[in-house]
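Visitor: Predicted model and sequence below, questions to follow.
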Amino acid sequence: IYKKYHPGKYLVAWHEKSSTLNERTTVAIDSLTNHKVVFRQIAGYVARRIVFKCNEGDDAKAGHEFGFIKFGSRMDIFLPLDTEINCKIGDKTKGGIDIIAKMIE
(Lines give C-alpha, C1' and ligand atoms only; values in the text may rest on other atoms or scores of the structure.)
Protein backbone atom coordinates (compact mmCIF):
# COMPACT_ATOMS: atom_id res chain seq x y z
CA ILE A 1 0.00 0.00 0.00
CA TYR A 2 3.05 2.26 0.41
CA LYS A 3 6.68 2.44 -0.62
CA LYS A 4 9.31 5.12 -0.26
CA TYR A 5 13.03 5.48 -0.92
CA HIS A 6 14.99 7.53 1.62
CA PRO A 7 18.49 8.68 0.54
CA GLY A 8 21.04 8.88 3.31
CA LYS A 9 24.37 7.97 4.82
CA TYR A 10 26.10 4.60 5.06
CA LEU A 11 26.79 4.11 8.77
CA VAL A 12 27.38 0.53 9.93
CA ALA A 13 24.01 -1.24 10.09
CA TRP A 14 24.11 -1.84 13.86
CA HIS A 15 24.65 1.87 14.61
CA GLU A 16 21.70 3.20 16.64
CA LYS A 17 21.10 6.03 14.15
CA SER A 18 21.32 3.90 10.96
CA SER A 19 17.54 3.34 10.86
CA THR A 20 16.95 7.08 10.48
CA LEU A 21 20.15 8.38 8.85
CA ASN A 22 21.17 5.66 6.36
CA GLU A 23 19.90 5.05 2.85
CA ARG A 24 16.75 2.94 3.26
CA THR A 25 13.46 1.90 1.74
CA THR A 26 10.16 1.55 3.53
CA VAL A 27 7.37 -0.75 2.34
CA ALA A 28 3.95 -1.11 4.02
CA ILE A 29 1.44 -3.86 3.28
CA ASP A 30 -2.07 -4.82 4.35
CA SER A 31 -2.17 -8.48 5.43
CA LEU A 32 -4.96 -10.95 4.71
CA THR A 33 -5.92 -10.53 8.39
CA ASN A 34 -6.27 -6.75 7.85
CA HIS A 35 -3.11 -5.91 9.79
CA LYS A 36 -0.57 -3.41 8.55
CA VAL A 37 3.06 -4.56 8.36
CA VAL A 38 6.05 -2.33 7.60
CA PHE A 39 9.42 -3.53 6.26
CA ARG A 40 12.46 -1.27 6.20
CA GLN A 41 15.62 -2.20 4.26
CA ILE A 42 18.61 -0.32 5.66
CA ALA A 43 21.87 -0.08 3.73
CA GLY A 44 25.02 -0.33 5.80
CA TYR A 45 28.66 0.64 5.37
CA VAL A 46 29.38 -2.05 2.76
CA ALA A 47 25.91 -2.58 1.25
CA ARG A 48 25.38 0.62 -0.66
CA ARG A 49 22.68 -0.53 -3.03
CA ILE A 50 19.04 -1.23 -2.21
CA VAL A 51 16.81 -2.71 -4.93
CA PHE A 52 13.00 -2.42 -5.03
CA LYS A 53 10.97 -5.14 -6.75
CA CYS A 54 7.50 -3.99 -5.76
CA ASN A 55 5.05 -1.21 -6.45
CA GLU A 56 2.05 0.19 -4.64
CA GLY A 57 -0.94 -1.99 -5.51
CA ASP A 58 1.09 -5.20 -5.98
CA ASP A 59 -0.03 -8.31 -4.09
CA ALA A 60 2.25 -9.16 -1.15
CA LYS A 61 2.82 -12.90 -0.85
CA ALA A 62 4.57 -14.72 1.98
CA GLY A 63 7.97 -15.96 0.90
CA HIS A 64 8.19 -13.73 -2.19
CA GLU A 65 10.89 -11.09 -2.69
CA PHE A 66 9.88 -7.44 -2.58
CA GLY A 67 13.47 -6.26 -2.95
CA PHE A 68 16.94 -6.87 -1.61
CA ILE A 69 20.04 -5.15 -0.30
CA LYS A 70 23.20 -6.05 -2.18
CA PHE A 71 25.89 -7.49 0.12
CA GLY A 72 23.52 -7.80 3.07
CA SER A 73 22.83 -5.20 5.75
CA ARG A 74 19.74 -4.87 7.90
CA MET A 75 15.99 -5.40 7.70
CA ASP A 76 13.61 -3.96 10.29
CA ILE A 77 10.09 -5.39 10.45
CA PHE A 78 7.31 -3.58 12.29
CA LEU A 79 4.45 -5.91 13.31
CA PRO A 80 1.16 -5.37 15.17
CA LEU A 81 1.49 -5.69 18.96
CA ASP A 82 -0.64 -8.86 19.12
CA THR A 83 1.60 -10.77 16.68
CA GLU A 84 2.93 -14.16 17.83
CA ILE A 85 6.73 -14.04 17.35
CA ASN A 86 8.32 -17.39 16.36
CA CYS A 87 12.00 -16.36 16.58
CA LYS A 88 14.19 -14.83 19.24
CA ILE A 89 16.89 -12.19 19.37
CA GLY A 90 20.06 -13.51 17.73
CA ASP A 91 18.31 -15.97 15.38
CA LYS A 92 19.47 -15.84 11.78
CA THR A 93 16.40 -16.15 9.58
CA LYS A 94 16.24 -16.83 5.84
CA GLY A 95 13.71 -15.08 3.60
CA GLY A 96 11.13 -17.40 2.09
CA ILE A 97 12.17 -20.25 4.43
CA ASP A 98 11.78 -19.23 8.08
CA ILE A 99 8.47 -18.15 9.59
CA ILE A 100 9.34 -15.31 11.94
CA ALA A 101 5.84 -14.46 13.16
CA LYS A 102 2.16 -15.36 12.96
CA MET A 103 -0.56 -12.74 13.01
CA ILE A 104 -3.50 -13.38 15.31
CA GLU A 105 -6.83 -13.15 13.51
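Guide: That came through fine. On a predicted model such as this, the values are computed, not experimentally measured, just so you know.

Visitor: where in the protein is pLDDT low?
Guide: 47-48, 68, 70-72 (pLDDT under 70).

Visitor: all strands for it, in order.
Guide: Remark: strands assigned in the chain by DSSP state E are 2-6, 24-30, 36-42, 50-52, 67-69, 74-78, 84-85, 101-102.

Visitor: ok, now which ones touch the nearest residue to residue 2 once chain neighbours are set aside?
Guide: The shortest distance from residue 2 to any non-neighbouring residue, by Cβ to Cβ, 6 or more residues apart in numbering, is to residue 28 (4.0 Å). Yep, even glycine has a C-beta here, placed from its N, CA and C like the rest. If you count contacts by Cβ atoms under 8 Å, 6 or more residues apart in numbering, residue 28 has them with 1-3, 36-39.

Visitor: Check residue 75 too.
Guide: By Cβ under 8 Å, 6+ apart, the contact set of residue 75 is 39-42, 69.

Visitor: what about it, distance to residue 57?
Guide: Going from residue 75 to residue 57 by Cβ to Cβ, to the nearest Å gives 22 Å.

Visitor: now do residue 88
Guide: Residue 88 is 35 Å from residue 57, where distance means Cβ to Cβ.

Visitor: From residue 97, how far out is the most centrally placed residue in the chain?
Guide: Nearest to the mean C-alpha position of the chain, by Cα atoms, centre = their mean, lies residue 39 at 3.0 Å. Residue 39 sits 17 Å away from residue 97, going by Cβ to Cβ.
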